[in-house]
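K.L.:
Here is a sequence together with a model predicted from it:
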Amino acid sequence: MVRGKVEMKRIENATSRQVTFSKRRNGLLKKGYELSVLCDAEVALIIFSQKGRLYEFSSTNMQKTLERYLEHVREDRGNEIEQHAQHLKHEAALIAKKIELLENSQRKLLGHNLGDCSFQELQETENQLQLSLNNIRARKAQLFKEEMEKLQAKEKFLLEENLRLSEKLQCRLRSSRNAAEKEKEKEIGSYRQSSEVVTELFIGPPTTRN
């Protein structure tokens, strides 16, 4: 009967998981022993169970095998560090060369150390300066345009604000003038009422009082 393919994931059932661990552990230790005998290889196996129990196999001496492994790891890491250091040195040399070229180019652009330059190099330097000058002028013109647009926008805002304040002031003046006229009319009306005299005409002898 052909065995089905086992899915590689954690076995949820604790009993099945323990049975599988025991079988595969023994099989792994057996394979390690066979490999050491058949191929004359130095084999060391270390297994910790889920509960922390240790199982190990060594074809020679476990401690010596571990020391050999650690020494090999240190050598590999030392080689990696050395290779990385060499790579950094190479990168540093390239960066230093680029810096030197940039400094020489900068001195030429400033008009220094031109004695050893050929006509072609001088022409290239002049072209670079002209290109830089064009870029500077373009940027300057752009900044000037942006500043003008800001000032125009500010001027427009101030004019609109001034117009709004003028209209508000005129409205308040009209309101004050109307209120003053109404108050004046009220005072005139009151004055007219108080100044009117009622005159009665009586014909005949004056009456005498007892």
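P.N.:
Sure, I can see it.
K.L.:
Sticking with Ile47, tell me its helix or strand.
P.N.:
Taking DSSP states H and E as the definition, Ile47 sits inside strand 44-48.
K.L.:
Are there helices or strands packed against that strand, and which ones?
P.N.:
In terms of contacts (3 or more Cβ pairs under 8 Å, 6 or more residues apart in numbering; DSSP states H and E), strand 44-48 is packed against helix 14-39, strand 54-58, helix 62-109. (Glycine included, C-beta is placed from N, CA and C.)
K.L.:
same thing but 6 Å
P.N.:
On a contact count with 3 or more Cβ pairs under 6 Å, 6 or more residues apart in numbering; DSSP states H and E, strand 44-48 meets strand 54-58.
K.L.:
Would you mind listing the buried residues in the strand it packs on?
P.N.:
Judged by neighbour count using 16 or more other Cβ atoms under 10 Å, the buried positions of strand 54-58 are 57-58.
K.L.:
For it, which strands pair with it and how are they oriented?
P.N.:
Strands that pair with strand 54-58, judged by DSSP bridges, come out as strand 44-48 (antiparallel).
K.L.:
Can you point out the buried residues in stretch 103-121?
P.N.:
Going by neighbour count (16+ other Cβ under 10 Å), the buried part of stretch 103-121 is Lys108.
K.L.:
Just the C-alphas of it, formatted as PDB.
P.N.:
Only the C-alpha atoms of stretch 103-121 are listed here, as PDB (Å, rounded to 0.1, in the frame of the first residue of the first chain):
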ATOM      1  CA  GLU A 103      37.200  69.300  -6.600                       C
ATOM      2  CA  ASN A 104      39.400  69.700  -9.700                       C
ATOM      3  CA  SER A 105      36.200  70.500 -11.800                       C
ATOM      4  CA  GLN A 106      35.200  73.000  -9.200                       C
ATOM      5  CA  ARG A 107      38.600  74.700  -9.200                       C
ATOM      6  CA  LYS A 108      38.400  74.900 -13.000                       C
ATOM      7  CA  LEU A 109      34.900  76.500 -12.900                       C
ATOM      8  CA  LEU A 110      36.300  79.100 -10.400                       C
ATOM      9  CA  GLY A 111      39.100  79.900 -12.900                       C
ATOM     10  CA  HIS A 112      42.000  78.100 -11.000                       C
ATOM     11  CA  ASN A 113      44.500  75.600 -12.200                       C
ATOM     12  CA  LEU A 114      43.800  76.200 -15.900                       C
ATOM     13  CA  GLY A 115      47.500  76.100 -17.000                       C
ATOM     14  CA  ASP A 116      47.400  72.400 -17.700                       C
ATOM     15  CA  CYS A 117      44.000  72.400 -19.500                       C
ATOM     16  CA  SER A 118      43.800  71.800 -23.200                       C
ATOM     17  CA  PHE A 119      41.700  73.900 -25.500                       C
ATOM     18  CA  GLN A 120      39.000  71.200 -25.500                       C
ATOM     19  CA  GLU A 121      38.900  71.100 -21.700                       C
END
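K.L.:
All good on my end, thank you.
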